[in-house]
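K.L.:
Quick one: sequence plus predicted model below, questions after.
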Protein chains: 2
Amino acid sequence: MKGKPTSFDIAYRAGVSQATVSRALRDSPLVSEDTRRKIKAIAKEINYKVDKHASSLRRQQAETLAVLLFEDPTSDDSLINPFFMSMLASITRSCARAGYDLLISFQQLSDDWHADYQDSHKADGLILLGYGDYLTSESKLSKLAEQGTHFVRWGPSVPGQAGLTVGCDNVQGGRLLTEHLIRQGRKRIAFIGDASLHCPEFLDRHRGYVDALKAARLKPSADLLVTAADSTEQVGHAAMATLLARGKPFDAVFAASDLIAIGAMRALSERGMRVPDDIAVVGFDDIPMASFTNPPLTTVLQDTRLAGELMVATLINLIEKKRPAENAMLPARLIIRRSCGASLVATANVKPGR
Amino acid sequence: MKGKPTSFDIAYRAGVSQATVSRALRDSPLVSEDTRRKIKAIAKEINYKVDKHASSLRRQQAETLAVLLFEDPTSDDSLINPFFMSMLASITRSCARAGYDLLISFQQLSDDWHADYQDSHKADGLILLGYGDYLTSESKLSKLAEQGTHFVRWGPSVPGQAGLTVGCDNVQGGRLLTEHLIRQGRKRIAFIGDASLHCPEFLDRHRGYVDALKAARLKPSADLLVTAADSTEQVGHAAMATLLARGKPFDAVFAASDLIAIGAMRALSERGMRVPDDIAVVGFDDIPMASFTNPPLTTVLQDTRLAGELMVATLINLIEKKRPAENAMLPARLIIRRSCGASLVATANVKPGR
DNA sequence: GATGCTGATGAAAGTGCTGTCATTGCGAGC
DNA sequence: GCTCGCAATGACAGCACTTTCATCAGCATC
């Protein structure tokens, strides 16, 4: 046999028409059980697979999703937020389970990637990861939505937004961590992050932090708020240096991400300060690294597996219109390790430091 | 306009035939400069993109590559070897640059994924990551090769292998690390890894280790060899426990991967042993985590960016047959941090512990 | 004036599949 | 015996492109 086998080859061998082959392979009820079995057997024997392009062209759908992962243009390849990576793993699996293929592309936020995937019919829908600030990119997203492109974004949902989002309850996460620190007897808890609209996740985490402080009749202080716009170790290190330079006393630090927390801990240890004895530190994300730091980092787990599954499910609902698709918010889960100064023995809900 | 625009829409607007539109958009020399410009302008205006499926069907090529990432079925989602992740980033970029799309799929080694991608014309070629032991899967690979599937594998090249490989010079890396430890005055260097054929990378690293010892007139001792078949933190921790339990003296440990090294360091620190003062530790891979451990891990960098680029380039050469495609081996690069006990000041070629 | 050439274009076949419509064979119902 | 219905199948028209082959005008050559 020359070239890849086609449905005609099977039809010839089975002594039926090519149309019947197509029907049999798609499990149409229009073919008899006998014929179906015969055709499937032959298909298997000659290693036949339905041609993706012909099928997609005819049916006008790609059965493919695309993940666009946006990254900070300055960041090092090797430092891609591991958080997105574990989400990616979950997405690939959910896609496969749903019978969709998955295209992947790493994009710069500045790129004009618009609609390429859907316009060219490469993908039926888009998953947007790391899209950053919703506000500054709103116009792009509304344009996408206008064109009828199906997409789901990871991040907090914003009133009036274009498209759907799946996100984590950052307010709750912030509250959990702060409450936990307060329970450990910490009174002066600094916050490293960004309380502006620039990063809505950080904003929500900060809101949870403030909520918890107020509930405990503690006052959030501007002295203990340091801006860290990016989620990198370097930024965390610098922010901690800034905080220390202010000379205001504090006994705990809430870093808006694990990477920031890791950088902050490095700054502390360089100055001979002990975590958690002198300063308790907590992060956010539960990246794999968090359990290997010294001390292991108390943080909040965003369930990446569930997140990936939900994003895929939501997107497919959007595409197939069989079920309604809506925004989703995942609960945050406190992961207590040693950096917060808790005694592990007494605490429930513990994920060990491995 | 209803539905996505097609090349006929453009043809109509431009007052030319549809064939001319197709030619113009593919920059065929057969159309005049004027016509081409006009057509491209219209295409841009109505946001037209060539339909991927129609084009692929007609041209019988997908302009798509697929990455199959094989993973240990037992491993946690969040612990996907970060090493492959940074490679993945590089692969996505190289693909995009070459005008190929990239499909991604996480596979269990046991899955019968064979040829699905190429048989169904989803992809023109395969990139195999984490394929593990070549020997046990040789039959699958030869079958692939027989069917004419183009693929490139990450890993050491094996004589008589099916398909092409891009890999890192693991022997050289092992030698570099061991020589470095010896230069620091370490005499009894343990090896945690697997010196069997099960994992060819580990085997090669061990070979480099033995080479370096012999060159320094030191004797590799079976007492100081511990098997660690998988590259995980847990396995490293257990292996170190085994080594310590033997009670044989040693002053350094060569872990066959960073994750193993991190586990080993945890085991040491649990027993109150100091790294590097009591025991020097080195790893292999330079995963992002390696610079954040305490102390930061001395290791060998495999240039994932270059690796990704090379794999894509090799695969495309294979597909397009324009240039010869051949196996490639990347040089290993020593990254000196603190876990080996070197004084950083005196040493060249240092990547700081950040 | 016939021929050949050249550069640009159009017509049309083909790519492999899916879904609609037509056809066939056969048993039931009248 | 004839129609009707039904189940199973076949014929065929796309789907949106790419590419081969044919056409054609314009110009040069003899």
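P.N.:
Thanks, I have the structure now. Remember, it's a predicted structure, so these values are computed and weren't measured experimentally. Numbers count the residues shown, from 1 in each chain, chains lettered A, B, ... in the order given.
K.L.:
Grab the nearest non-local neighbour of the residue in the stretch 201-350 of chain A that chain B sits nearest to.
P.N.:
At 3.9 Å from chain B, A:Asn294 is the closest residue in the stretch 201-350 of chain A, using CB to the nearest CB. C-beta: built from backbone N, CA, C; applies to glycine. With sequence-adjacent residues excluded and distances taken as CB to CB, 6 or more residues apart in numbering or on different chains, A:Asn294 is closest to B:Asn294, at 3.9 Å.
K.L.:
how far away is the closest residue to A:Phe83 other than its chain neighbours from A:Ala332?
P.N.:
In this structure, A:Phe83 finds its nearest non-sequential neighbour in A:Asp285, 5.0 Å apart by CB to CB, 6+ apart. Using CB to CB, to the nearest Å, we find A:Asp285 at a distance of 10 Å from A:Ala332.
K.L.:
repeat for A:Asp119
P.N.:
37 Å.
K.L.:
got it, and A:Lys321?
P.N.:
Counting by CB to CB, the gap from A:Lys321 to A:Ala332 is 31 Å.
K.L.:
Between those two, which is the more surrounded one?
P.N.:
The residue with more neighbours, out of A:Lys321 and A:Ala332, is A:Ala332; 25 against 10, by other CB atoms under 10 Å in any protein chain shown.
K.L.:
The spatially closest residue to the more buried one that is not a sequence neighbour: neighbour count?
P.N.:
Nearest non-adjacent residue to A:Ala332, counting by CB to CB, 6+ apart: A:Gly173, 3.2 Å away. The local packing of A:Gly173 (other CB under 10 Å) involves 26 other residues.
K.L.:
secondary structure element for A:Gly173?
P.N.:
helix A:170-183 (DSSP states H and E).
K.L.:
Now do that helix: everything it contacts.
P.N.:
With contacts defined as CB atoms under 8 Å, 6 or more residues apart in numbering or on different chains, helix A:170-183 is touched by A:156, A:189, A:201, A:204-209, A:211-213, A:215-216, A:218, A:252, A:254, A:280, A:282, A:284, A:298-300, A:302, A:331-332, A:334, A:336, A:340, A:342.
K.L.:
pLDDT on whichever helix or strand comes after it, on average?
P.N.:
Of the helices and strands lying after helix A:170-183 in sequence (DSSP H and E), the nearest is strand A:189-193. Mean per-residue pLDDT for strand A:189-193: 95.
K.L.:
how much does strand A:189-193 deviate in direction from helix A:170-183?
P.N.:
150 degrees (axes from the mean of the first three to the mean of the last three CA atoms, to 10 degrees).
K.L.:
and the helix or strand that comes right after strand A:189-193, how far out from the chain's middle?
P.N.:
Using DSSP H and E, the helix or strand that follows strand A:189-193 towards the C-terminus is helix A:200-215. For helix A:200-215, the separation from the chain centroid amounts to 21 Å (computed by CA atoms, centre = their mean, to the nearest Å).
K.L.:
Return the alpha-carbon coordinates of helix A:200-215 using CSV.
P.N.:
C-alpha atoms of helix A:200-215 as CSV (Å, rounded to 0.1, in the frame of the first residue of the first chain):
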residue,chain,number,x,y,z
PRO,A,200,-6.4,41.9,40.6
GLU,A,201,-5.2,38.7,42.2
PHE,A,202,-2.9,40.6,44.5
LEU,A,203,-5.6,43.1,45.1
ASP,A,204,-8.0,40.4,46.3
ARG,A,205,-5.4,38.8,48.5
HIS,A,206,-4.7,42.1,50.1
ARG,A,207,-8.5,42.6,50.6
GLY,A,208,-8.6,39.3,52.5
TYR,A,209,-5.6,40.3,54.5
VAL,A,210,-7.3,43.6,55.5
ASP,A,211,-10.6,41.8,56.3
ALA,A,212,-8.8,39.4,58.6
LEU,A,213,-6.9,42.2,60.4
LYS,A,214,-10.0,44.2,60.9
ALA,A,215,-11.9,41.2,62.2
